[in-house]
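1. just need the structure, nothing else, for what follows:
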Amino acid sequence: MRAEEELQKAKVLRPAPGRTGIYSERERWSDWVSPIYDCEKIYIPVFECNHWYVAIMDMEDCVVRVRVSLREIPLIIILAVLDEILRGIDYAFIEELREGMRVDWKFVSFVIIRDDCEVDQCEDFSCGIYVIKCMEAVYKKDRVCNHVCS
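-> Prediction:
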């Protein structure tokens, strides 16, 4: 099956039609989120096909490292979802990116790779906890904790 056919079969539609305007209301959350160009990494929890995974955007290297069990969700779906998320972030932060980044700098140009440096979580329906632990480790400036199978 060709990639385009598989993508259409999945019917990935993001952002929801008619809802893109809500993402541009930056002033609603600017008091607790610093300018995007000051970030080193951005962690994005994603829920797709009844499975949580985390996309770690490295602002310096322009890379998105995905922590997910690729057996759970077809790679073509992960790439399509992350492509739409990156396009949405470009849209939501268009003014901020103009003032703090190079003219040609775009999130959509980030390379998306699977982060194989550590073992992914076990397949015991703990994917949501794993994503929370990743986010918690960032907050505590700790090492990202791997899920341990019992």
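
2. CA only for contacts and neighbour counts going forward, please
-> Fine.

3. now do the phi/psi pair for Val64.
-> In terms of degrees, to the nearest 10, the main-chain angles of Val64 are phi -110, psi 120.

4. which residues does it contact?
-> Ala55, Ile56, Met57, Asp58, Phe110, Val111, Ile112, Ile113 (C-alpha atoms under 8 Å, 6 or more residues apart in numbering).

5. and the helices in the protein?
-> Taking DSSP state H to define them, one finds helices in the chain at 3-10, 75-92, 94-100, 127-139.

6. need the CA coordinates for the third one. PDB is fine.
-> As requested, C-alpha coordinates have been extracted for helix 94-100 and formatted as PDB (Å, rounded to 0.1, in the frame of the first residue of the first chain):
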ATOM      1  CA  ILE A  94       4.200  33.400  13.600                       C
ATOM      2  CA  GLU A  95       4.700  36.800  15.200                       C
ATOM      3  CA  GLU A  96       7.100  35.500  17.900                       C
ATOM      4  CA  LEU A  97       9.200  33.600  15.300                       C
ATOM      5  CA  ARG A  98       9.500  36.800  13.200                       C
ATOM      6  CA  GLU A  99      10.900  38.800  16.000                       C
ATOM      7  CA  GLY A 100      13.300  36.100  17.500                       C
END
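
7. quick check: buried residues in it?
-> Going by neighbour count (16 or more other C-alpha atoms under 10 Å), the buried part of helix 94-100 is Leu97.

8. which strands and helices lie in contact with that helix?
-> Counting contacts by 3 or more C-alpha pairs under 8 Å, 6 or more residues apart in numbering; DSSP states H and E, helix 94-100 is packed against no other helix or strand.

9. tally of neighbours for Asp142?
-> Number of residues near Asp142 (other C-alpha atoms under 10 Å) recorded here: 11.

10. now for Phe110: which residues touch it?
-> Here Phe110 is in contact with Cys62, Val63, Val64 (C-alpha under 8 Å, 6+ apart).

11. for the second one, what are its contacts?
-> Right, the one you point to is Val63. Val63 neighbours (C-alpha under 8 Å, 6+ apart): Met57, Phe110, Val111, Ile112, Ile113.

12. measure the first one to Val64 for me?
-> Using C-alpha to C-alpha, to the nearest Å, we find Met57 at a distance of 4 Å from Val64.
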